[in-house]
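Asker: With the sequence up front, the predicted model follows.
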Amino acid sequence: MTTSIADPRTLDIAPLSGTIGAEVRNVDLHQPLDPPTVAAIRQALLDYKVIFLPGQHLSPAEHKEFATYFGEITNAHPVVPGIGEHREVFEIDYTKARETYGVQNAPKTDRTEYETSNKWHTDVTFVETPPLGSILNALVIPEAGGDTLWADTHAAYEGLSQPIKDLVDGLTAVHDGTRSFGRLLQAIGKGEWDGKEFTELTPVEHPVVRTHPETGRRSLFVNPGFTIKIKGLTGKESEALLQFLYAHMTTPEYVVRYRWEAGDLGFWDNRTTMHYAITDYGDAHRVIQRVTIKGDKPF
C-alpha cells in the first residue's frame, strides 16, 4: 500500500481569519499518511487552532485511523456511548435531538448532547484530563444553516489588559458536567474515561488560564457549558467575571465560522478553543460523528 500521501510542502493551507481557522487541501485521508504530512497537519492545527479537510467522506474506521496519527483516541464520551462496534465514535443526529423545536421523544443521549452543543463550550472539561482535540466528520448537512463557530481563546487572552491578565492568571475554576449529563449517567448506570469507570460526576478544578503543552501559549480555559464558578470568589464576583470573559472570548475578531458540506472533516485543538453549533436549519436533517484524542491535565 502506498504510504506517501502528499509532500507537506504542497499542502494547500488557506487561513480563514487572522488568528483562527484554516482549510487544508491536497491530502487524501483514505490512504496512510507519511510522517512529514502528519507533522505538517499537526503544525497547521497548532498554528490555526481549528483546521478543515474538505470532501474526505471517511468511514468510521477511517475516521478513527486518522485520529490515531495525533494521539490515543478516547471513548466516544465519558457518559454517552459510541456507535455499535465503533465505541470511540460519537454520533449526534440533531434531527432526532431537536427537542427545542417540538420533538419531545428524542433519545436522551441525542437530546443531552444537542442541548450542550447549542451553547458555547469546550469539550469534556468536566474531567481531570479533557481531550487534546476533537475531529468531526460531517455526514448529513442542511442546504442552509448548521454552521459551527470556534473562538480563539489564546487570542482572547492576549487581548486582555495587563491588570485583568494579572487577575485571571492566578485563578482556578470549577467545572462540572452534572447539569448536562447527570441524569443521563443515572439512566445508563456508569460512565468511563481514561480507563476508569464512575457512577457519578464529581466537579474538577482547572486553571482559568492554561498553558498549551506544545506551544507554551496561554489561553483562557473557562466555558459556559461546564464552568460553574471561580474558586475563592463570591457568587456575584464569580458570575460577573465569567460573564465578562465569555463575552470577551466570543468577540467577532476572535471567532471563525465554518460552513460545512457533507464529507468535510473538522479538527480542533480543545486546549485553546471553544465552539458553538448553530441550530438555524429548521426541520432539515443534520448528522455528525466525532472522535476525540486523549489529552492531559491542564496546567
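Answerer: Right, received. Where do you want to start? No experiment lies behind these values; they were computed from the predicted model shown.

Asker: need the helix or strand of the chain with the lowest average pLDDT.
Answerer: Taking mean pLDDT, DSSP states H and E as the measure, the helices and strands of the chain show their lowest mean at helix 108-117, namely a mean of 52.

Asker: residue ranges with poor pLDDT in this structure?
Answerer: Applying pLDDT under 70 to the chain flags the ranges 1-9, 97-117.

Asker: now with 90?
Answerer: Under the criterion of pLDDT under 90, the regions of the chain flagged as low confidence span 1-11, 75-76, 78-85, 87, 92-119, 178-201, 282-283.

Asker: Pick out the residue closest to the middle of it.
Answerer: Nearest to the mean C-alpha position of the chain, counting by C-alpha atoms, centre = their mean, stands residue 123 at 4.6 Å.

Asker: picking that back up, which SSE is immediately downstream of the least confident helix or strand of the chain?
Answerer: Using DSSP states H and E, the next helix or strand after helix 108-117 towards the C-terminus is strand 133-140.

Asker: Packing partners of the helix or strand following that next one?
Answerer: Next along the chain after strand 133-140, taking DSSP H and E as the criterion, comes strand 148-152. Applying 3 or more C-beta pairs under 8 Å, 6 or more residues apart in numbering; DSSP states H and E, we find strand 148-152 packed against strand 255-258, strand 273-277. Yep, even glycine has a C-beta here, placed from its N, CA and C like the rest.

Asker: Reduced to three states, what does residue 205 come out as?
Answerer: Taking DSSP: H, G, I helix; E, B strand; the rest coil as the rule, one finds residue 205 in the strand state.

Asker: With adjacent residues omitted, what lies nearest to it?
Answerer: Counting by C-beta to C-beta, 6 or more residues apart in numbering, the nearest residue to residue 205 once its immediate chain neighbours are dropped is residue 172, at 5.1 Å.

Asker: That neighbour contacts residue 210, doesn't it?
Answerer: No: when contacts are counted by C-beta atoms under 8 Å, residue 172 is not listed as touching residue 210 (10.8 Å).

Asker: Between those two, which has more neighbouring residues?
Answerer: A side-by-side neighbour count of residue 172 and residue 210, using other C-beta atoms under 10 Å, places residue 210 first with 22 against 13.

Asker: Please identify the pairing partners of whatever helix or strand that one lives in and their relative orientation?
Answerer: Of the helices and strands defined by DSSP H and E, residue 210 is found in strand 209-211. Taking DSSP bridges as the criterion, strand 209-211 pairs within the sheet with strand 218-220 (antiparallel).

Asker: Next SSE downstream of the strand it pairs with?
Answerer: Assignment by DSSP H and E places the next element after strand 218-220 at strand 227-230.

Asker: CA atoms only for that next one, dumped as PDB, please.
Answerer: Taking C-alpha atoms only, strand 227-230 is exported to PDB below (Å, rounded to 0.1, in the frame of the first residue of the first chain):
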ATOM      1  CA  THR A 227     -17.600  26.000  34.200                       C
ATOM      2  CA  ILE A 228     -19.800  26.600  37.200                       C
ATOM      3  CA  LYS A 229     -17.700  29.100  39.300                       C
ATOM      4  CA  ILE A 230     -14.400  30.600  40.000                       C
END
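
Asker: so how far is it from its chain's centroid?
Answerer: With C-alpha atoms, centre = their mean, to the nearest Å as the basis, the distance from the averaged C-alpha position of strand 227-230 to the chain average is 19 Å.

Asker: again with stretch 186-197
Answerer: The mean C-alpha position of stretch 186-197 is separated from the chain mean by 20 Å, C-alpha atoms, centre = their mean.
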